[in-house]
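In: fold the following.
(one chain, ligands or ions: 2)
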Amino acid sequence: MKNKKNIGKFNNKITNKSKKLTKAATKKSNKPTKESNKPTKESKGNIKNIKKAKKVKKEIKKPKKDIKNTEKLKKAEKAKLLKQIKEVKEKIREKQLQKKPIKKVKISQDKGKLKPAKPEGKLKPGNLLLSKKELNNKSELGVKKTISREDTPKKESKGKLKPSNLLLSKKESNSKSELGVKETNLREDVSKKPLGVLDLDKGIKQPTKQPTKQKGVLETYEIEVDKAKVKVEIKREASNITYTLHTPEIGIATAFLLEEIRNELVSATTISMKEITDPAAFNTIKQRFMQEASSLIQENLPNINPKIKEFLVGKLMQDMLGLGEIEFLINDLNLEEIVILSSKEFVRVYHEKYGWLPTNLKIAKEDEIINYSNIIARRVGRQITVLTPLLDAHLVTGDRVNAVLYPIATKGNTITIRKFARDPFTIIDLINNKTCSLDIAAMLWLAIEYEMNILISGGTASGKTVLLNCCMPFIPPNHRIISVEDTRELMLPDFLYWTPLVTRTPNPEGKGEVSMLHLLINSLRMRPDRIVLGEMRRKEEAMVLFEAMHTGHSVYATVHADSAAETISRLTNPPIEVPPNLLKAVNLNVVMFRDRKKGIRRILQIAEFEASQDRAEANILYRWIPEQDKIIKHSESSRFFEDISRNTGMPQTELDKNLEEKKKILSWLIKNKIRDLNDFGKVMNFYYTNKELLIKFINKNNVKAVLGR
Ligand SMILES: Nc1ncnc2c1ncn2[C@@H]1O[C@H](COP(=O)(O)OP(=O)(O)OP(=O)(O)O)[C@@H](O)[C@H]1O
Ligand SMILES: [Mg+2]
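Out: Ligands and ions are numbered 1, 2, ... in the order given. Model prediction:
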């Protein structure tokens, strides 16, 4: 009890003392004394810290001040820019409030910022790319953790607001949304040297030093996507060659305007699933978006330079409907492959001239890579989730995409894009770049015209699919072609009678799978003349294919094997394991080879299979000699010509004459540089409809008459 009393007294004392102190402090603060003007060391430190914190807070809250502090901007320009931001902000706000139905707009009270309405079950571009489920998956993935680690502002920032650290912390992301700057607009990559700064009324300011004049620059060129143009610079730096994408830096006012337009477009449009998955419908939407975005920009900035407007519209489209800046890489015709390794590493590309190159692009967050994977998956009606972390798909452009999510890809979410040639190779290109010889091209043409079965073997990326595609225009136009692939890679000329089919992986519940076997069996019911299989991997598929060959269909497929002997071994051993005597049905085996060091691809062997009940052997007809870089004749054929003669009734002399005729046509096409897929297709069509007239025109060297233009 005594103790309790004492404690009570003690507490009262403290309370009184603290009251007195507070009184004194209030007096002091009202009438500042000398002492209060001379703070102690401790309070000095505290005041300093408080001031610093206030300064940082102010800078984070009001990034406009950052502009004021920028030494580079002259006073007049600063005032103008601030005025501009204010005007644009007010204008858009006014317009949005007038235009939009209240239902669709949500005004956040703390910031007064317009936000798009909730989707109500329908998909909206841009903001709905991650579903609730996917967001959950993300946290299950541990992605959030990775990002928060990434989110720590960099040391060198010293409290100042820089574009590079604007995207990072939660607090900062609030200030970011006040600013209206989209994350992707401001890349984490500070090493990037922008080509110029894009601002509303000034256009793209060119830096005084042009990148082309710099030392070590091997090549510069321009890429255009949706009318937005950027420059690429390929440079030798020490022992490395680098790929730099120079995109104009987006000014704050511009970024704000873009964000507002983006929000407006998003909230005003709903996109159905069909519109996402159907490439034609998707293109229509894109055109509509581009028009709307263009008129919104024009409305807000009536005096805008048309070139800048085009760039801004393109940028908006890439951010809303595409894969952001990766779209530029996808549209670089010189690139064969694009690899996003994780958010911590620079994107890498495979350049057809320089091989693998690091770029100056980095995806800011792991989240964004997941988001890109989701966009790609949705467009082909597939899913990529924590339970199904692997995705094999294709882009609207036809490029093949593979995505693997973390933690299966242990360094981070990864995407590999194998680019589809915008201007596909034709057999003329393959003869020109020495992949194939004129003799072999004529032989492949003969084989395809007279319905022989062909297997194309080779290692990874050796050019199997490209050769297969190059052989397709040799098919006569009235033959029905059914192709079965995991992802759409084949591209045939317009005149062919072609039905392309692609497989589908099951959904997370294991439903909806359409396998290669299903499609092969189904294709036999579609009355095909020719069956094309992307890649033969399993026994069941191989058995159906050989069955199709035996029932009179002409079959073309690719197999993973480095030589003709290995092809036989792969086909007759597990997992494919077809009985050796079935290999008789294969009339030609073409083996592709890729020399990684020299970066060249060649037809390594052309072989026919001689098969008995229990064994099969390869008879090599042509082979490539690396020392001379030549494809030469190796052995006489024992079966190939015999099989054609038996099928067609043509004697060898006639076959030889036919081959010579084909070589003559191909040589004429090479001489006249007729190599485009559709032009080549036209000539083939002409050959099958009126061979004599074609030869007559060729003899007269009349290109116009052959191409009909
Ligand atoms: N003959 C060629 N000349 C030059 N480049 C080629 C040639 N063939 C293929 N390429 C390039 O190589 C890349 C890979 O080719 P392709 O897809 O045909 O290989 P693949 O053997 O089918 O690979 P995979 O084993 O992955 O199926 C293509 O992007 C193409 O640009
Ligand atoms: Mg392939």
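In: show me what Asn240 is bridged to.
Out: With DSSP bridges as the criterion, Asn240 is bridged to Glu237.
In: what's the local residue count around it?
Out: Using other C-beta atoms under 10 Å, Asn240 has 9 other residues around it. For glycine as for every other residue, the C-beta is placed from the backbone atoms N, C-alpha and C.
In: then Ser295?
Out: 11.
In: any idea which helix or strand carries it?
Out: Secondary structure assigned from DSSP states H and E places Ser295 in helix 279-300.
In: just after that helix, pick out the following helix or strand.
Out: Defined by DSSP H and E, the subsequent element after helix 279-300 is helix 306-321.
In: how far is that following helix from where the chain is centred?
Out: Its chain's C-alpha centre and that of helix 306-321 lie 18 Å apart, by C-alpha atoms, centre = their mean, to the nearest Å.
In: I'd like the next helix or strand past that helix.
Out: That would be, after helix 306-321 and using DSSP H and E, helix 326-330.
In: rounded mean pLDDT for the helix or strand following that next one, please.
Out: Of the helices and strands lying after helix 326-330 in sequence (DSSP H and E), the nearest is strand 335-340. Averaged over strand 335-340, pLDDT sits at 94.
In: and for the following helix or strand past strand 335-340, what's in contact with it?
Out: Using DSSP H and E, the helix or strand that follows strand 335-340 towards the C-terminus is strand 348-351. The contact list for strand 348-351 (C-beta atoms under 8 Å, 6 or more residues apart in numbering) reads 234, 243, 329, 332, 334-339, 341, 356-359.
In: ok, for the residue of the chain found nearest ligand 2, nearest residue in space, not its chain neighbours?
Out: Scanning the chain for the residue nearest ligand 2 gives Thr465, at 3.3 Å (criterion: C-beta to the ion). Residue nearest to Thr465 in three dimensions, not counting chain neighbours: Glu489, with 5.1 Å by C-beta to C-beta, 6 or more residues apart in numbering.
In: confirm that that neighbour sits in a helix.
Out: No - counting by DSSP: H, G, I helix; E, B strand; the rest coil, Glu489 is not part of a helix but coil.
In: isn't it right up against Gly534?
Out: Yes - contact between Glu489 and Gly534 holds when scored by C-beta atoms under 8 Å: they sit 6.6 Å apart.
In: so which bits of the stretch 451-600 of the chain are right by ligand 2?
Out: The stretch 451-600 of the chain comes close to ligand 2 at residues Lys464, Thr465, as judged by C-beta under 5 Å from the ion.
In: swap in the chain?
Out: Taking C-beta under 5 Å from the ion, the part of the chain that reaches ligand 2 is made up of Lys464, Thr465.
In: scan the chain for its longest strand.
Out: strand 600-611 (DSSP state E).
In: report whether that strand contacts ligand 1.
Out: Yes - against ligand 1, strand 600-611 shows contacts by C-beta under 6 Å from any ligand atom at Arg601.
In: for that strand, which strands pair with it and how are they oriented?
Out: Counting by DSSP bridges, the strands paired with strand 600-611 are strand 588-595 (antiparallel), strand 616-625 (antiparallel).
In: which single residue of the stretch 201-350 of the chain ends up nearest ligand 1?
Out: Using C-beta to the nearest ligand atom, the single residue of the stretch 201-350 of the chain nearest to ligand 1 is Glu336, 4.3 Å away.
In: so who does that residue touch?
Out: For Glu336, counting by C-beta under 8 Å, 6+ apart, the contacting residues are Tyr350, His351, Glu352, Arg418, Lys419.
In: pretty sure Ile304 is touching Ser295, no?
Out: No - applying C-beta under 8 Å as the test, Ile304 and Ser295 come out as separate, 11.6 Å apart.
In: next, the buried residues of stretch 275-283.
Out: Buried residues in stretch 275-283, defined by neighbour count with 16 or more other C-beta atoms under 10 Å: Glu275, Ile276, Phe282.
In: ignore what I typed, I meant stretch 656-670.
Out: Asn658, Leu659, Glu661, Lys662, Lys663, Ile665, Leu666, Trp668, Leu669, Ile670.
In: return the member of the residues you listed nearest to Ala393.
Out: Of all the buried residues of stretch 656-670, Ala393 sits closest to Leu669, with 35.1 Å by C-beta to C-beta.
In: now that closest one. Nearest residue, chain neighbours left out?
Out: Ile428 (5.4 Å).
In: so where does that neighbour fall, helix or strand?
Out: helix 427-432.
In: chain center to that helix: distance?
Out: Taking C-alpha atoms, centre = their mean, one finds helix 427-432 lying 27 Å from the centre of the chain it belongs to.
In: contacts for whichever helix or strand comes after it, please.
Out: Later in the chain than helix 427-432, the nearest helix or strand by DSSP H and E is helix 438-449. Helix 438-449 has contacts (C-beta under 8 Å, 6+ apart) with 427, 430-431, 436, 454, 471, 474-476, 554, 587-588, 590, 603, 606, 622, 631, 633, 640, 644, 655, 658-659, 662-663, 666-667.
In: can you verify my assumption that Val706 contacts Lys696?
Out: No - taking contacts as C-beta under 8 Å, Val706 lies outside contact range of Lys696: 10.0 Å.
In: so which residues of the stretch 351-500 of the chain form strands?
Out: 355-358, 390-394, 400-404, 414-418, 454-458, 480-485, 497-502 (DSSP state E, counting those that start in this stretch).
In: mean neighbour count, those: which tops it?
Out: Neighbour counts (mean count of other C-beta atoms under 10 Å) averaged over each of the strands of the stretch 351-500 of the chain peak at strand 454-458, with a mean of 26.
In: could you export that strand as CSV, CA atoms only?
Out: Output in CSV follows, covering the C-alpha atoms of strand 454-458 (Å, rounded to 0.1, in the frame of the first residue of the first chain):
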residue,chain,number,x,y,z
ILE,A,454,10.4,-35.4,-96.3
LEU,A,455,11.9,-35.4,-92.8
ILE,A,456,14.0,-32.3,-91.8
SER,A,457,16.5,-33.0,-89.0
GLY,A,458,19.0,-30.7,-87.2
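In: the inter-axis angle of that strand versus strand 588-595?
Out: Interaxial angle of strand 454-458 relative to strand 588-595 (axes from the mean of the first three to the mean of the last three C-alpha atoms, to 10 degrees): 20 degrees.
In: ok, the residue of the stretch 201-350 of the chain closest to ligand 1 to Phe282 distance?
Out: Counting by C-beta to C-beta, to the nearest Å, the gap from Glu336 to Phe282 is 25 Å.
In: what is the burial count for Asp595?
Out: Count around Asp595 with other C-beta under 10 Å applied: 14.
In: and it, bridged to which residues?
Out: Beta-bridge partners, per DSSP bridges, of Asp595: Ile600.
In: make sure it is actually in contact with Asp629.
Out: No - the criterion here is C-beta under 8 Å, and Asp595 misses it with Asp629 at 9.5 Å.
In: what is in contact with those two at once?
Out: Both Asp595 and Asp629 are contacted by Arg602, under the criterion C-beta under 8 Å, 6+ apart.
In: quick one on the thing from earlier: read off the pLDDT value for the residue of the chain closest to ligand 2.
Out: pLDDT, Thr465: 95.
In: go on, the one 5 residues further on?
Out: Cys470 is assigned a pLDDT of 97 by the prediction.
In: what's the closest non-adjacent residue to it?
Out: Take Cys470 and drop its neighbours on the chain: the residue closest to it by C-beta to C-beta, 6+ apart is Ile427, 4.5 Å away.
In: nice, that's everything, thank you.
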